[in-house]
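# Can you look at this prediction? I've put the sequence above it.
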Amino acid sequence: MAATRPEASLVGAVSMGNGNAVEDVEQLVRSDDPEHPANLICELCRDFYKLGWVTGTGGGISIRHGDHVYLAPSGVQKERIHPSHIFVLPFAQTAVPKPGSQRDFLRIPTKKGLKESACTPLFWNAFTMRDAKACIHTHSQHAVMLTLLHPAKDGQASFRISHQEMIKGIRIGGVGKTLSYHDTLEIPIIENTADEEDLTEGMAEAMAKYPDAPAVLVRRHGVYIWGGSWEQAKTQAECLDYLFEIAVKMRLAGLPLEGGDA
Ligand SMILES: CSC[C@@H](O)[C@@H](O)C(=O)COP(=O)(O)O
Ligand SMILES: [Zn+2]
């Protein structure tokens with residue numbers, strides 16, 4: 001990853017480190033455009049809340065746009081966040097940014113006590129390893145229930161399904177071509193950890209091992225799903241959640257998830 005470090009961590013204005021440009025960082029989240037990342041994150045979190053994906057403050061979405069990554073704050077009701085609460089970090093970092101540790105800040109919300117989502121280093125996995133432009137983390141019960149139906153064997157677990165129309169909404173590696181009806185979808189399942197950021201390495205290992213997977217499931221926790229745009233990430237999150245739900249129902253009905261013989 002390129003290592004460029006903004007020179008300051010100021011609220012209100014920050015030197016961009018190029019000798020003369022000083023940005024009003026508040027402008028980074030202020031826009032009338034409903035598709036501006038700061039506005040989108042708030043709107044999408046409200047929608048995701050209604051789906052049960054980001055209740056109880058957990059879960060969320062991060063969007064990478066140009067040189068910047070937009071992040072929701074941690075531990076707040078995600079359906080009530082305002083654009084002024086959004087963190088903006090430069091994508092170019094000296095290290096994967098972990099909340100509470102040294103990182104290359106660009107914009108810190110002025111509302112006191114906010115810190116960026118604990119999911120930040122996991123979102124970064126999707127941005128750096130897949131060149132994703134958006135990553136969604138849900139605590140959907142469909143995802144969680146599915147992980148419970150797929151115990152690990154020899155320390156590894158994955159979910160496989162075929163012969164479902166909604167597979168066609170999924171992209172190879174989350175950012176490539178869409179799958180066909182005849183493809184089998186496989187998604188790795190990693191074990192949960194007490195702290196979100198400790199999932200970072202396990203998620204990266206699973207992504208390396210399953211380069212075609214568009215997501216990583218986390219047992220007893222949820223799922224991380226990414227895409228080459230926020231629209232792709234959202235579409236895939238919807239298709240995957242549908243597939244997780246129907247897979248749970250199929251398993252409980254004793255039907256095979258692969259083969260199309262049912
Ligand atoms: C019910 S709180 C769950 C969170 O600790 C965790 O799982 C999570 O998704 C992180 O949420 P965040 O509030 O963005 O830091
Ligand atoms: Zn979570």
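Good, I have the coordinates. Ligands and ions are numbered 1, 2, ... in the order given.
# count of neighbours near residue 259?
Neighbours of residue 259 under the rule other C-beta atoms under 10 Å: 10. In this view, the C-beta of every residue, glycine as well, is placed from N, C-alpha and C.
# now do residue 152
Neighbours of residue 152 using other C-beta under 10 Å come to 13.
# Indicate the residue of the stretch 151-262 of the chain located nearest to ligand 1.
residue 196 (4.6 Å; C-beta to the nearest ligand atom).
# That residue - nearest residue in space that isn't next to it in sequence?
Once flanking residues are discounted, residue 196 sits nearest to residue 118: 3.9 Å by C-beta to C-beta, 6 or more residues apart in numbering.
# Name the residues that touch stretch 226-240?
With contact meaning C-beta atoms under 8 Å, 6 or more residues apart in numbering, stretch 226-240 is reached by 37, 40, 44, 53, 61, 63, 126, 130-136, 138, 143, 166-167, 169-171, 174-175, 187, 214-215, 223, 225.
# Go through those and flag which are in strands.
If you go by DSSP state E, these have 61, 63, 134, 135, 136, 138, 187, 215, 223, 225 in strands.
# Show me what the third one bridges to in the sheet.
Which is residue 134. Residue 134 forms beta bridges with residue 63, residue 227, as assigned by DSSP bridges.
# thought the residue nearest to residue 196 was touching residue 99?
Yes: Residue 118 sits in contact with residue 99 when judged by C-beta atoms under 8 Å, with a separation of 5.6 Å.
# Spit out the residues that contact the two alike.
Common contacts of residue 118 and residue 99 (C-beta under 8 Å, 6+ apart): 74, 197.
# Output the set of residues of the stretch 1-150 of the chain in proximity to ligand 1.
Counting by C-beta under 6 Å from any ligand atom, the stretch 1-150 of the chain comes close to ligand 1 at 56, 57, 58, 59, 60, 74, 75, 117, 118, 119, 137.
# please redo it, this time with the cut-off set to 8 Å
The stretch 1-150 of the chain has residues 56-60, 72-76, 78, 99, 116-119, 137, 139 near ligand 1, with proximity defined as C-beta under 8 Å from any ligand atom.
# If burial is judged by neighbour count, which of the residues you listed pass?
With burial judged by 16 or more other C-beta atoms under 10 Å, the buried subset of these is 57-60, 72-74, 76, 78, 99, 116-119, 137, 139.
# Flag the least confident of these.
When these are compared on pLDDT, residue 99 comes out least confident, at 77.
# residue contacts, it?
Shown in contact with residue 99 (C-beta under 8 Å, 6+ apart): 74, 115, 116, 117, 118, 120, 197.
# Take the residues you listed and keep only those in helices.
residue 120 (DSSP state H).
# in the top helix by length along the chain, what counts as buried?
Ordering each helix of the chain by length in residues (DSSP H) puts helix 230-252 first. By neighbour count on 16+ other C-beta under 10 Å, the buried set for helix 230-252 is 230, 232-237, 239-248, 250.
# quick one, that helix and strand 222-227 angle?
140 degrees (axes from the mean of the first three to the mean of the last three C-alpha atoms, to 10 degrees).
# Using CSV, write out every CA atom in helix 230-252.
Taking Å, rounded to 0.1, in the frame of the first residue of the first chain, the C-alpha atoms of helix 230-252 are listed here in CSV:
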residue,chain,number,x,y,z
TRP,A,230,-21.6,0.5,-3.3
GLU,A,231,-24.4,-0.7,-5.7
GLN,A,232,-22.6,-3.9,-6.3
ALA,A,233,-21.9,-4.4,-2.6
LYS,A,234,-25.6,-3.8,-1.8
THR,A,235,-26.9,-6.1,-4.6
GLN,A,236,-24.6,-8.9,-3.4
ALA,A,237,-25.6,-8.4,0.2
GLU,A,238,-29.2,-8.7,-0.8
CYS,A,239,-28.6,-11.8,-2.9
LEU,A,240,-26.4,-13.4,-0.3
ASP,A,241,-28.9,-12.7,2.5
TYR,A,242,-31.6,-14.3,0.4
LEU,A,243,-29.3,-17.3,-0.3
PHE,A,244,-28.4,-17.6,3.4
GLU,A,245,-32.1,-17.6,4.4
ILE,A,246,-33.2,-20.1,1.8
ALA,A,247,-30.1,-22.3,2.6
VAL,A,248,-31.1,-22.4,6.3
LYS,A,249,-34.6,-23.4,5.4
MET,A,250,-33.4,-26.0,2.9
ARG,A,251,-31.1,-27.5,5.5
LEU,A,252,-33.8,-27.6,8.1
